[in-house]
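Novice: Got a sequence here, can you build the structure:
(chains A and B)
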Amino acid sequence: MSKETKGNTSRAAMNTYGAGLEANTLAMLDSTGAKDNRDANEDRLQYLEAVRAASLVPVNGIPPTNKMYQAMFRILRFGRTLELVAASFHLLTQLHQRYPWVYMSDGKHELEIVDEAWSPFNFGSDVDSGEKDISVRSSLFQELIQNMNKGVDESEESVLKILGNMFLFKYLVHVLKLDFTPRNQVFEETMNWSLLKESSLNLLLASRRVNFKLLMKDCLSTMCSPFDADGKSTSLVELHNGMLSAMKELLVMIIELDASKKKADIEGITNRGDGVRTPALEIIVDELTYDEYLLSNFLQVFDDPKWKLEIVLQYLTKYIPKPSVRTRRSNTPQGEDLKTLNGILKTFSNGTNAKNITKKIGPVVVQILIGHGFLAQLTISNTNEGESITEICNSVITALTNLKRVDQKIEILPFGKEVLFTAEMVLKTKA
Amino acid sequence: MNMDGPLDFENEDLLVNPPPSADKRKKVIELDDLVFEHYKEQSKLIDKGNRKRKASSKLYDSDDDDERGQEALLSIIACFQMNEICSEEDTQEWGLSMFGDQKAPTRSLLADIDNCYLLKEFMSSQLNSVVDLNPDNGTAFLEGLLANGWLTKLILTCARVETIICQWTLDILLYSPREDLRSSACDFWCSILLSQNEVNGAPVEIQWLPNYQILKEALDSYGFRINSSQVAELPEADSKSQGPPQNIRAWLKLVSACCQIRCKKPIFTASQLEQLAEVLVWLLLDRGLQGLSLLLQESLISVTESFREEEWVSSCKNIANSLASRVPQDMNCLRIVESVAGVDARSKHLRSSIANQMLVVLLEHKESDENLMSSLMAINLKEKSCNLFRTYMMLVLAENWLLSSKLVEEKPVLKDMWAVFLRNCFCQINSTDLRPFASKVRTKASYLRQGCRSD
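Specialist: Numbers count the residues shown, from 1 in each chain, chains lettered A, B, ... in the order given. Next up is the predicted model:
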């Protein structure tokens, strides 16, 4: 679907059309009054279909007005049938694709931001402006994530409510992403921090109403809680998977926001008003450090190769003996080595090092970390030739077989065996 | 803010009381409103009774609102004997039950996995002293490799995959009852298929590809009712039917991936693609699969996009023809038109074509567009015997046929005829008309006339 971004030429004309469309379509919702549910739901579906017919289907579609967006979002949030919730979800996401509010201008690497564009979020003030306001505030977003965590197995909650919450969460993350991605892209080229500072994601997390650490913990436990697909409806399983990938996207966005903020900090273009927040990656590594179960499940689910590798590296560097008193930040050659998987794996080739590390974090965790680091590295190497794959495969094999040499009693996990198998077979084909 | 409040689907206040609109339409109390009010009161009373009964029997069904509504309505009919007015409701629901009983899979793919080259080659390596792989634990080991994502990464890195592994993973994708395995197998297939489209990375050399027959057999074993005679209309109460196994999700993703690489590796012929598109539209009619609607729509787009330019026009017509001749002539025929997203050129074309063919079927016409329109114009809506439900369907179909395409731009006469039809719908129906669907036709036509003028 093509984006419609050159709206300036006939904006006045569009406004007139928009106002007419708004009156005509919203009248469909008005005319029901407090009628029977079924009739009202029918009218809502008609409304959604009318917006689709006016804004999406024609080549020169009329963009919906903010009030029309608001009405669609109301249906998504409070719709009482799955049909309504799903239809409003699809329509809204397709409309955002056609009429983006933040986008890269053609040719130039500049960001275009539509003034006063509608958003499902409201970070304007922390005080509720009115009962009728249905915008999502930071606190509600946090509660939604908490609900995701407990949602699935609670039998007393109706399935529709669970499904509705999943649609809502998925939609909100989608909006955050559409807003964040182009801003971050332009930030990386121009170092214009204010673009990111005003992103919905940053505003969401900057709110005093959000307990960031708790939010991260809830994300982690939702992602790691077991989900048994047996006996559940295909809809529920599909939406649960969709919710999980939305949560992964959210985590990756937060981590990328942190990384960009760090860059901006170094450049000295942030100020005290930007606040201080513990980086997400640090919280994640801390949480995983205390919990072997969480570690293994999280790395299993979280599949962004770049940041997964970073998590493994941060975890391992904590336990790798450092020469003398130099801190990690000092730019010694050794410090540089520890920034790559291969560099870290090499420290395992030394028997005493391997023994010390294994003693500290346990043989199981060592295998999980090496394995997932390797898995992430393989994905990255597929796309761009970084470090030579063969070199890494060799280091992985040495590191794991060394564990056995350190202590004969150490069991190689089935997972560890899969790592060895993969490394060996990659070597064979590359040979 | 307490989330239970606003998020509670029982609390409908926010939905029925939208913020005041600037120019709210003037509300006239009509006769059917009064009649409606009367029934609503009655249904409330009965509803209360039902609720009490339900509570005492401790059998609380969470989403039986609609059922309850229907029950109430039925009771009203029984109580007041006003069959003439109530027998035909103003709202009808779409929904078909597309899946019957699951059958045992034919398992044509059962592969002798212990004989695969991958395992054999590793067993000869020195490292096997640590891994301890032998013919007895080979399958279990491969399952671990698959579930943890190693197999996919390994094959993508090596850029080659042997027949046995292909068949084994496809069998898991289509038939395995284990969610971790089938979703990994689905990732595996999607990755190796889509690697064919990679510009930078090396495409995986796939020694064996799935075909239409295998996919169709799988769908058959899921209980899909392929022949229209088997399609059961879904009564509201009969929603307990088994539905398809979870593998349908992987099946859909596989179909999408196969279509997306069609320009590089044609797996399906044009007529097979037509049948797949049709299957997807049928699946969109199953209320049990509503949570999959995004997946279904995406798959449908993958299928329509994969036709070659020279195939598309005739294939689109074939799909529309076949659907129109088989879909029941009720709300379902509107639903299939509306479930085609209409966001890209081809789905607009498909939407328009299906609507057109449905109209042709409804009007028993085989002639020109103009003739179709004049039959619509010739409908006398004042006539008591005029079936307004049919008129309503034709109104919506004509809207989608004309407005999802460039037809009215190419043939201005159609636009004029459309305007006349809309005027008829609006003017020939009195605002106090009590016939079922009378007010629906009138309101819809009134809305569409606005669009007609502003063009």
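
Novice: Give me the distance between the two termini of stretch B:335-347.
Specialist: The straight-line separation of the ends of stretch B:335-347 (Cα to Cα, to the nearest Å) is 15 Å.

Novice: neighbouring contacts of stretch B:177-187?
Specialist: By Cβ atoms under 8 Å, 6 or more residues apart in numbering or on different chains, the surrounding residues in contact with stretch B:177-187 are A:228-230, A:237, A:241, B:143, B:146-149, B:151-152, B:169-170, B:172-173, B:176, B:245-247, B:249-250, B:253-254. C-beta: built from backbone N, CA, C; applies to glycine.

Novice: In which helix or strand does the residue of the stretch 201-350 of chain A found nearest chain B reside?
Specialist: When distances are taken as Cβ to the nearest Cβ, the stretch 201-350 of chain A reaches nearest to chain B at residue A:235, 2.3 Å away. Taking DSSP states H and E as the criterion, residue A:235 maps to helix A:234-267.

Novice: That helix packs against which elements?
Specialist: helix A:138-151, helix A:159-190, helix A:193-197, helix A:200-206, helix A:212-224, helix A:280-289, helix A:305-317, helix B:247-260 (3 or more Cβ pairs under 8 Å, 6 or more residues apart in numbering or on different chains; DSSP states H and E).

Novice: so for that helix, what's the average pLDDT?
Specialist: In this model, helix A:234-267 carries a mean pLDDT of 94.

Novice: what distance separates the strand or helix carrying residue A:375 from the middle of the whole chain?
Specialist: Element membership for residue A:375 (DSSP H and E) is helix A:363-383. Chain-centre distance of helix A:363-383: 21 Å, with Cα atoms, centre = their mean, to the nearest Å.

Novice: Which helix or strand in chain B has the lowest average pLDDT?
Specialist: Using mean pLDDT, DSSP states H and E, the weakest-scoring helix or strand in chain B turns out to be helix B:83-86, at a mean of 38.

Novice: Can you name the next helix or strand after it?
Specialist: With elements assigned by DSSP H and E, the helix or strand that comes after helix B:83-86 is strand B:96-97.

Novice: where does that following strand sit relative to the chain's centre, distance-wise?
Specialist: Relative to where its chain is centred, strand B:96-97 has its mean C-alpha point 11 Å off (Cα atoms, centre = their mean).

Novice: hmm, it touching chain A?
Specialist: No. Strand B:96-97 does not reach chain A (Cβ under 8 Å from any Cβ of the partner chain); its nearest approach is 14.0 Å.

Novice: okay, and for the chain, where does confidence drop off?
Specialist: All of this is about chain A. For chain A, the stretches flagged by pLDDT under 70 are A:1-15, A:30-36, A:125-132, A:150-157, A:322-337, A:382-387.

Novice: was after chain B, sorry
Specialist: B:1-91, B:107-111, B:200, B:227-241, B:452-455.

Novice: What residue in it comes nearest to chain A?
Specialist: Using Cβ to the nearest Cβ, residue B:291 is the residue of chain B that sits closest to chain A, at 2.3 Å.

Novice: Just give me the neighbour total for that residue.
Specialist: The local packing of residue B:291 (other Cβ atoms under 10 Å in any protein chain shown) involves 24 other residues.

Novice: picking that back up, among the contacts of stretch B:177-187, which ones are buried?
Specialist: Applying 16 or more other Cβ atoms under 10 Å in any protein chain shown to the contacts of stretch B:177-187, the neighbour count classes A:229, A:237, A:241, B:143, B:146-149, B:151-152, B:169-170, B:172-173, B:176, B:245-247, B:249-250, B:253-254 as buried.

Novice: Could you look up the SS state of the residue of chain B most remote from its centre?
Specialist: What lies farthest from the middle of chain B is residue B:126; by Cα atoms, centre = their mean that is 53.4 Å. Following DSSP: H, G, I helix; E, B strand; the rest coil, we place residue B:126 in the coil state.

Novice: neighbouring contacts of stretch A:306-323?
Specialist: Here stretch A:306-323 makes contact (Cβ under 8 Å, 6+ apart) with A:251-252, A:255, A:281-282, A:284-285, A:288-289, A:299, A:302, A:328, A:332, A:334, A:338-341, A:344, A:347, A:353, A:356-357, A:360-361, A:369, A:372-373, A:375-377, A:380.

Novice: circling back: winner for burial among the helices and strands packed on helix A:234-267?
Specialist: Across the helices and strands packed on helix A:234-267, the average number of neighbours (mean count of other Cβ atoms under 10 Å in any protein chain shown) peaks for helix B:247-260, which reaches a mean of 23.

Novice: Can I get that one as PDB, trimmed to CA atoms?
Specialist: Coordinates of the C-alpha atoms in helix B:247-260 are reproduced here as PDB (Å, rounded to 0.1, in the frame of the first residue of the first chain):
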ATOM      1  CA  ASN B 247      -1.500 -26.700  12.600                       C
ATOM      2  CA  ILE B 248      -3.800 -24.500  10.500                       C
ATOM      3  CA  ARG B 249      -1.800 -21.500  11.600                       C
ATOM      4  CA  ALA B 250       1.400 -23.000  10.300                       C
ATOM      5  CA  TRP B 251      -0.400 -24.100   7.200                       C
ATOM      6  CA  LEU B 252      -1.400 -20.600   6.500                       C
ATOM      7  CA  LYS B 253       2.100 -19.200   7.000                       C
ATOM      8  CA  LEU B 254       3.500 -21.900   4.800                       C
ATOM      9  CA  VAL B 255       1.100 -21.000   2.000                       C
ATOM     10  CA  SER B 256       2.100 -17.300   2.300                       C
ATOM     11  CA  ALA B 257       5.800 -18.100   2.100                       C
ATOM     12  CA  CYS B 258       5.300 -20.400  -0.900                       C
ATOM     13  CA  CYS B 259       3.400 -17.600  -2.700                       C
ATOM     14  CA  GLN B 260       6.000 -15.000  -1.800                       C
END
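
Novice: Does that helix pack against any helices or strands, and if so which?
Specialist: helix A:234-267, helix B:163-175, helix B:179-194, helix B:212-221, helix B:270-283, helix B:293-305.

Novice: Spell out which parts of the stretch 301-450 of chain B neighbour chain A.
Specialist: B:338, B:341-344, B:348, B:351, B:399-400, B:403-404, B:443-444, B:447, B:450.

Novice: if I pick the residue lying closest to the residue of chain B closest to chain A once chain neighbours are set aside, what's in contact with it?
Specialist: On the basis of Cβ to Cβ, 6 or more residues apart in numbering or on different chains, the spatially nearest residue to residue B:291 that is not a chain neighbour turns out to be residue A:235, at 2.3 Å. When contacts are counted by Cβ under 8 Å, 6+ apart, residue A:235 touches A:82, A:163, B:288, B:289, B:290, B:291, B:292.

Novice: where does residue A:235 sit relative to residue A:37, distance-wise?
Specialist: According to Cβ to Cβ, to the nearest Å, residue A:235 stands 21 Å off from residue A:37.

Novice: sorry, back to before: check which residues of the helix holding residue A:375 are buried.
Specialist: Across helix A:363-383, burial judged by 16+ other Cβ under 10 Å covers A:363-382.

Novice: Show me how the record splits the chain into domains.
Specialist: Because you didn't say which chain, this covers chain A. Here the domain assignment for chain A is A:1-99, A:104-120+A:136-302, A:303-430, based on automatic domain parsing.

Novice: that's the wrong chain, I wanted chain B
Specialist: For chain B, the structural domains run B:41-82, B:134-225, B:269-364, B:381-455, going by automatic domain parsing.
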